[in-house]
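**Q** need the 3D shape of this:
(3 chains)
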Amino acid sequence: MLGALPAADAALPAIVDGALARHALNGVYYGFILFMIASGLTIIFGVLGVLNLAHGELYALGAFSVFSVVGFLTGLIAEPTNTVTAVVFGIVVLAGSLAAAAVLLPVGAAIEAVFVRPIDDRDEVYQLLLTYGLLLVLVDVMKFVWGPAPLEAGVFRELNAIPTTELVGISYPSYNVIVILVGLAVFGWLVWFFDRTKTGRIVRATAINREMSTAIGVSTDRTFTLVFAMGAFFAGFGGAMVSIGPSTAYLEMGLDPLVLSFVVIVIGGLGSLKGALVGALLVGVTSRVVTPYYPQLELAAPFILMVLVLLVRPEGLYGTWGEIE
Amino acid sequence: MSRFLVERDGRTHLRLMEGMELSRNEALLAVVGIGFLLAVPDIARVTPLSFAVFHQGILFGIAALGLNLLLRHTELVSFGHAAFFGAGAYTAAVLASHYDVSSGLVLLAASIAVATLLALLVGYFVAGYLDIYFALLTLAFNQVLFAFVIQSQFFNYSDGLRVRPDGLNPPALFGLDLGTTAYEIVLYYFTILLLVVMLLGTWKLVNSPFGRALDAIGQDRTRARFVGIPVEKYVWIAFTLSGIYGGLAGGLFGMVQLHVRPEPVLYAFVSGEILFMAILGGVNTLAGPIVGGIVLVYLLNIARFYVEYYHALTGIVLLAVVFFLPQGILGSLPMIGSGLERRRDDPGLFLEDVKLVLGSLRKGVTRAITTVRIIIFGVN
Amino acid sequence: MLEARELRKEFGELRATDDVSLQFGKTEGEMVFIVGPNGAGKTTLVNLLTGLLEPDRGEVVVHEEENGSTIEHEITDVPPADRVNSGLVRSFQIVHVFEEMTVRENVRVAVLSEHGRTLSMRTVDDGHEDVERAVDDLLEQFRLEEIQDEVAETLPHGDRKLLDVAMSFGLEPEYLLLDEPTSGVATQEKEYVIETIVEASEADDVTTVTIEHDMDLVKEYADRLVVLHEGRVFREGAPSLLETDAELRRVLLGVDE
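**A** Coordinates of the predicted model:
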């Protein structure tokens, strides 16, 4: 399950002291990846009321796309040889991830407009069946385009040549630090988007009261498509960041993050971005810290955490029942 | 009119028991369905139909029948019913391989008992939750159980256990030690018998006042509470009942496969599949989950031998069901019947259908393109 | 007799119910109306009495006559369903009925519950004749026979309100708490709804506690009046207070005269 990013630990230099801190940092890294998937899932659920089971496949699609995009980009510039070229390289890779995730915008929009919208008024169980069908189709689309074997973009080690953590005296892979920073930036952007922009406020209003938004002239159709596309974008971005990083892109990679993202949004509270972030970090850190010491808890830890949280707070940590906050 | 035939609204109904009547079409469908099920072993001998996979489909269908009790009536979506299926299968496996229990009926009874206890326990915790919280909590219990089993030596990790009491032969059925083929056939007909019993029992349950109370809970919990229905308690009972179906099906599954591994019976995605079987076959029908079980299991297991992209094939079938059979396979039969009748009278309607599909596809794509344009170039 | 003892409920800063003590049904079958401006805590009080909300402090008590003496039952912690089964029933301001069932099925669920039949395994149309008779009576009493086979969600608002009330009477209440039974009902039908409620409760000696905004109805039908204002009991007495008490009129109208 949590072996979705198995190479993360292996790629790290073995540090005997500070092992706990290292595990915790791995957890934070993993948490931010989860956040990128879960934020989209929670926004889609909050606004459309659709539990998108195909969301993990959008994440996987991002991972595969980045392989193609970065593969293309890295063919254009020299391999990094020193810190400066490594930074340049890092920027190119980030741009590549964004470009790969951009592939997901039309994909998400199309899924919403073509498949999800026509059954908007049907019982929610059909939306589950529909998104499950899409999940299966997407798996084979990736198999068709990229083949059944795992792919590795393999730029992780070069990026680690950027000495990000040496200034503060610990040795931690720069790549993971970059992901953590990018994750923070994504969170910041989402908060800014929903708080400060007109479009973001329209989306929130639609989440709270659909009829009212329609009454004041908001096109809910357009909002829904936008939200779906955004959700797909961030899932794809998460997948891209993982895939150019320490892990490979493989066909089954979407399943475990999907299930864990459910756990994350339920822990955090449905429709809450802050909740998704806190939930993702909790799940990430718990699983990464618990696993090395109690390997038998690896699979169960996130779920035990979720049950505990729900027993204490039945609507999650920041539950607002579908309103985006 | 005989004892079994009654007139209702000018139509003849077949009366099976007090309060249970079938219309002509329903009776016909039931007879054809049961006839087909009985003939499957023979059909399989002369056609490429896979008997074993079909049998598996029925068993998952029984689990889906139990899940549908919650889904259709209390309107709760469970993502964790593989827990009971797996508990049933593993009970049979543990008793057979660790304790050399050789009687098939004892294995089955124990499977049901263990699954019932598990459902009682899980149901106690989840009965007060709703919607996605209910779904995710059931999923959580399922995953914790899976994690426990796959890491336990007692359950032989991911390799699983064999359901061969003496390490060689299958369990005895009704005191008979049967050869492989005879064992499979007898077990199949035993399954069909149990299936019919389960269907009749389910029918009775959902048409009883208790079934009405569950409907009431599903439609408006607050009102249900304030007509004096102890909501949590009844959900708990319904949950436990639905777990029993899973236990029975799982126990039989163990005896059919003779080998139980965690992934095919306990993994969370199996729970999802059991849920989708119910929806696929028709949530609002009695036997729909069985049909859904057979179709989905068949697609997932057999399609891979014929097409490379079998996931996509299954996915497209599911999408087709969602869009063209809005009530699931069985639930949409009446609609298809009347639709075909109209089209037989007026073949021009077919052309209209095609136009309609193409038109809505085109509209969807146009909308998607517009939206992407807006996302990239800003709201106009 | 149903009694609220110093009930208090706070929502954050707001004290929606502020140490309210009231008694209902001192005389059996009395018809009490609760009035008050918006936000006075009327619905909160009903929610506390019926168990939809838990009070922060205070008690809900039922006094029962047994063998000539009165016994107190404190029911503050009793779950709603059990309160219903012991005769404390309510309806809702926003209609709560089983939307996908027909009118008849809706009423039947209530009667099955009242007859303690919800765990029965005999199918609904087999051997529950007493239930069906009670359903027929209720449908007749509330003049719902003609629409008994219509699905609840398709009904006009007034009929839904009546169905909601009919279900409540199907539970054979001793105390019936009605939260604005005429809200959203067309003016000319309000009288009809209240009239039906009065008839039914007089027939069964039901003590009713009704939240109502239409003062004409209150004047016409109330045995007793309770006025809530800012979470407290502001006045309690005969409906004639509405005519005589200037301060009360000011509170209800929300303006200075």
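
**Q** what about stretch B:54-74, average pLDDT?
**A** Computed over stretch B:54-74, the mean pLDDT rounds to 96.

**Q** same check on stretch C:28-45?
**A** Average pLDDT, stretch C:28-45: 90.

**Q** ok, now stretch C:243-250?
**A** Mean pLDDT, computed over stretch C:243-250, is 84.

**Q** same thing with stretch B:247-254?
**A** On average, stretch B:247-254 scores 97.

**Q** how many residues are close by residue B:275?
**A** For residue B:275, the neighbour count with other Cβ atoms under 10 Å in any protein chain shown is 30. Where you see a C-beta, it was placed from the backbone N, CA and C, and this is true even at glycine.

**Q** repeat that for residue C:12.
**A** 6.

**Q** now the helix or strand in which residue A:225 is found: buried residues?
**A** Residue A:225 is part of helix A:220-244, with elements assigned from DSSP states H and E. Across helix A:220-244, burial judged by 16 or more other Cβ atoms under 10 Å in any protein chain shown covers A:220-244.

**Q** and it with chain B, contact?
**A** Yes. For helix A:220-244, a contact with chain B is found by Cβ under 8 Å from any Cβ of the partner chain, at A:221, A:222, A:225, A:226, A:229, A:230.

**Q** show me which of these is closest to residue B:301.
**A** Nearest to residue B:301, judged by Cβ to Cβ, of the residues of helix A:220-244 next to chain B is residue A:229 at 35.4 Å.

**Q** return the set of buried residues in stretch B:180-195.
**A** Within stretch B:180-195, the residues that count as buried by 16+ other Cβ under 10 Å are B:183, B:184, B:187, B:188, B:190, B:191, B:192, B:194, B:195.

**Q** what mean pLDDT does that stretch get?
**A** Here stretch B:180-195 scores 93 as its mean pLDDT.

**Q** from the buried residues of stretch B:180-195, pick the one nearest chain A.
**A** residue B:195 (23.3 Å; Cβ to the nearest Cβ).

**Q** work out for me the element that closest one sits within.
**A** Following DSSP H and E, one finds residue B:195 within helix B:180-206.

**Q** right, is that helix up against chain C?
**A** Yes. Using Cβ under 8 Å from any Cβ, a contact is recorded between helix B:180-206 and chain C, made by B:204, B:205.

**Q** and that helix, how far from the chain's centre?
**A** 14 Å (Cα atoms, centre = their mean, to the nearest Å).

**Q** quick one: name whatever helix or strand follows that helix.
**A** Immediately after helix B:180-206, counting by DSSP H and E, sits helix B:209-219.

**Q** run through who's touching the helix or strand that that next one is followed by.
**A** Next helix or strand after helix B:209-219 toward the C-terminus (DSSP H and E): helix B:221-225. By Cβ atoms under 8 Å, 6 or more residues apart in numbering or on different chains, the surrounding residues in contact with helix B:221-225 are B:130, B:213, B:216-217, B:231, C:52, C:79-81, C:84, C:92, C:96-98, C:167.

**Q** helices of the stretch 201-325 of chain A, start to end?
**A** A:210-215, A:220-244, A:255-268, A:273-293, A:301-312 (DSSP state H, counting those that start in this stretch).

**Q** could the ones you listed be laid out in a markdown table, adding mean pLDDT and distance to residue A:187?
**A** Putting these into a markdown table (pLDDT from 0 to 100; distance: least, Cβ to Cβ, whole Å) gives the following:
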| stretch | mean pLDDT | distance to residue A:187 |
| --- | --- | --- |
| helix A:210-215 | 79 | 25 |
| helix A:220-244 | 88 | 10 |
| helix A:255-268 | 90 | 12 |
| helix A:273-293 | 90 | 5 |
| helix A:301-312 | 89 | 20 |
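
**Q** which residues does the closest residue to residue B:203 other than its chain neighbours contact?
**A** Residue nearest to residue B:203 in three dimensions, not counting chain neighbours: residue B:286, with 5.7 Å by Cβ to Cβ, 6 or more residues apart in numbering or on different chains. For residue B:286, the contact set (Cβ under 8 Å, 6+ apart) comprises B:199, B:202, B:203, B:206.

**Q** most surrounded residue in those?
**A** Using other Cβ under 10 Å as the neighbour test, these are led by residue B:202, with 22 neighbours.

**Q** secondary structure class for residue 33?
**A** No chain was given, so I picked chain A. State at residue A:33, reduced to three classes by DSSP: H, G, I helix; E, B strand; the rest coil: helix.

**Q** that's the wrong chain, I meant chain C
**A** Assignment for residue C:33 (three-state DSSP): strand.

**Q** let me see the contact set for it.
**A** By Cβ under 8 Å, 6+ apart, the contact list for residue C:33 reads C:209, C:210, C:211, C:212, C:218, C:221, C:222, C:224, C:225, C:226, C:239.

**Q** point out where the chain drops to low pLDDT.
**A** Went with chain A since none was named. Under the criterion pLDDT under 70, the flagged ranges of chain A are A:1-17, A:74-81, A:153-169, A:320-325.

**Q** sorry, I should have been clearer: chain C.
**A** Within chain C, the stretches with pLDDT under 70 are C:254-257.

**Q** got the contact list for the residue in it that chain A sits nearest to?
**A** Going by Cβ to the nearest Cβ, chain A is nearest to residue C:100 of chain C, at 11.2 Å. Counting by Cβ under 8 Å, 6+ apart, residue C:100 makes contact with B:215, B:219, C:151, C:152, C:153.

**Q** so how many other residues sit close to the last one?
**A** Right, the one you point to is residue C:153. Residues lying near residue C:153 (other Cβ under 10 Å) number 12.

**Q** would you confirm that it contacts residue C:99?
**A** Yes. Using Cβ atoms under 8 Å, residue C:153 is in contact with residue C:99, at 4.1 Å.

**Q** among the contacts of helix B:221-225, which two are most distant?
**A** Greatest spatial distance among those (Cβ to Cβ): B:130 and C:167, at 22.4 Å.

**Q** the two - which one has more neighbours?
**A** Each of residue B:130 and residue C:167 has its neighbours counted (other Cβ under 10 Å); residue C:167 has more, 28 against 15.

**Q** remind me which helix or strand the more buried one belongs to.
**A** If you go by DSSP H and E, residue C:167 is part of helix C:157-170.

**Q** chain center to that helix: distance?
**A** Here helix C:157-170 is found 11 Å from its chain centre; the criterion is Cα atoms, centre = their mean.

**Q** please apply the same query to stretch C:147-166.
**A** Relative to the chain's own centre, stretch C:147-166 is displaced by 17 Å; criterion: Cα atoms, centre = their mean.

**Q** quick one: which of the contacts of residue C:33 sit in strands?
**A** C:209, C:210, C:211, C:224, C:225, C:226 (DSSP state E).

**Q** how many neighbouring residues does residue 209 have?
**A** No chain specified, so I'll use chain A. Using other Cβ under 10 Å: residue A:209 sits among 12 other residues.

**Q** wait, chain C
**A** 25.

**Q** what does residue A:282 give?
**A** If you count neighbours by other Cβ under 10 Å, residue A:282 ends up with 22.

**Q** which residues touch it?
**A** Residue A:282 sits next to A:31, A:267, A:305 when contact means Cβ under 8 Å, 6+ apart.

**Q** now, which of those residues sits nearest residue B:106?
**A** Nearest to residue B:106 among these, with distances taken as Cβ to Cβ, is residue A:305, at 38.8 Å.
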